[in-house]
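coords please:
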Amino acid sequence: MLETVRQADDIDAIMSAIGRQAKAASRPLSIASAERKHAALVSMAAEIVTRQEDILAANEIDLENARANGITGSFIDRLTLTVARIRAMADGIRAIADLPDPVGAVIAQWNRPNGLHIERVRTPLGVIGVIYESRPNVTADAGALCLKAGNAVILRGGSDSFHSSQTIHACLVKGLRDAGLPEHAIQMVPVSDRAAVGAMLSGLDGAIDVIVPRGGKGLVARVQKEARVPVFAHLEGLCHVYVDASADLDMAKAIVVNAKMRRTGICGAAETLLIDATAKDRLVVPLVEALRAAGCEVRASEDVRALADGLVPAKAEDWSTEYLDAIISVRLVDGVSGAIAHIQRWSSAHTEAVIAEDPAVVERFFTEIDSAILLHNASTQFADGGEFGMGGEIGIATGKMHARGPVGVEQLTSFKYRVRGTGQTRP
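Residues are numbered from 1 along each chain as shown. Next up, the predicted model:
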């Protein structure tokens, strides 16, 4: 329970209490044994499966409210929980539980000529604030990842997923209790008032060490603008797929359709398809028709529309749009050089893929493009911590400081130096 506050609607008092409790919980959590954290995570996963029907019932309330508020399309997909997605949530927690404990791991060590032995060792960050919108599964992912890395976490889910997230959070607290860890190690903000976000961005009087936003462009932009603590974030996932003249056509069709259409509402979904102009007669129509057969609207440049009928003309803003829907923009480029130039101009530095059999093309793509994730002959939908073997992720960071790419357990740690001597003094 929160510390008693005089007025239930006093957001500042509520958030201040959450901050104090998180800070207090972070101390014993930072030195908790690997075995105790593992036990908590296993218990959390079991409780999520046990309370599956409760989670589905809570999710149905959120879905009904969302539909009543006119929310449709990819946002409903993000919000929706099914039996399979709940089981996947539990499996993700178990996968995190089975990862090596990062806390105390020696990253590097070396000896100095004066006999000093120096070690760089992983340590928890402290208290992490996670602000997210419609995906209730983030509650489980973020809570489990932060716990594994020895961090306390304050979760602020969106109003759209309020009931789902609260029910999932109760399962996480049960796991903490079962393992004898502080219940305040994973806290869920109990109000949907936007003022709670502002309080977290202020750092809660020094309680929060890092903020991780996970949501739409508006949320992330606000966090990056207003946060008074470090932020791990990406503004949007403007992901590209380049199909080279050397590409295998059947492979290219399968990858392009999957990259766009597997789940259109995730940040790793492809938004722009770039096709090598030297192979336009072989590639354009099959790729465009495969996308349309899958239900995707194709917005194309004039040279692409000259080769395929019935396409929507692409406007200038299409090259900078994260659709998060069954829409893709398509244009021809002058080989890998043209693809690199387009991506450098429009990319959000999230994820890009090249489909090619020419190793020289792949090498240039990998060398010259500086996005967080680059793939060769694979779908952009693999831009996911779980797919990287991290058990899960809090998000994809596109900055260049500390964390980049999927933010998993290791990225949720800092480090300290341990220096061992035998009586050395500095002359």
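
could you report the neighbour count for residue 74?
Using other CB atoms under 10 Å, residue 74 has 18 neighbouring residues. Glycine gets a C-beta too; all of them are placed from N, C-alpha and C.

what does residue 337 give?
With neighbours defined by other CB under 10 Å, the count for residue 337 comes to 12.

repeat that for residue 111.
Residue 111, neighbours per other CB under 10 Å, totals 10.

now the nearest residue to it once chain neighbours are set aside, what are its backbone angles?
Leaving out its chain neighbours, the residue that sits closest to residue 111 by CB to CB, 6 or more residues apart in numbering is residue 117, at 5.4 Å. When quoted as degrees, to the nearest 10, the phi and psi of residue 117 stand at phi -110, psi 120.

in stretch 170-184, what's buried?
170-176, 179, 181-182, 184 (16 or more other CB atoms under 10 Å).

same question for stretch 252-263.
Residues of stretch 252-263 classed as buried by neighbour count (16+ other CB under 10 Å): 252-253, 255-261.

please report how far residue 250 lies from residue 286.
9 Å (CB to CB, to the nearest Å).

for residue 149, same thing?
Noted for residue 149: a distance of 45 Å to residue 286, by CB to CB.

of those two, which one has the most company?
More crowded of residue 149 and residue 286, by other CB under 10 Å: residue 149, with 28 against 15.

next, the contact list for that one, please.
102-103, 124-125, 409-410, 412-413 (CB atoms under 8 Å, 6 or more residues apart in numbering).

quick one: buried ones out of those residues?
Neighbour counting with 16+ other CB under 10 Å marks 102-103, 124-125, 409-410, 412-413 as buried within the contacts of residue 149.

residue 343: which of these is nearest?
Of all the buried ones among the contacts of residue 149, residue 343 sits closest to residue 410, with 27.4 Å by CB to CB.

re earlier: so the residue nearest to residue 111 touches residue 419, yeah?
Yes - using CB atoms under 8 Å, residue 117 makes contact with residue 419 at a distance of 7.2 Å.

more crowded one of those two?
Using other CB under 10 Å, the more surrounded residue of residue 117 and residue 419 is residue 117, with 13 against 10.

where's that one relative to residue 312, distance?
Applying CB to CB, the value for residue 117 to residue 312 is 64 Å.

in the stretch 251-400 of the chain, which spans are strands?
Along the stretch 251-400 of the chain, counting by DSSP state E, counting those that start in this stretch, strands occupy 270-276, 297-300, 312-313, 327-333, 351-355, 373-376, 396-397.

show me this structure divided up by domain.
According to automatic domain parsing, the chain comprises the domains 11-232+407-419, 239-382.

can you get me the start-to-end distance on the last one?
Domain 239-382 has an end-to-end distance of 12 Å (CA to CA, to the nearest Å).
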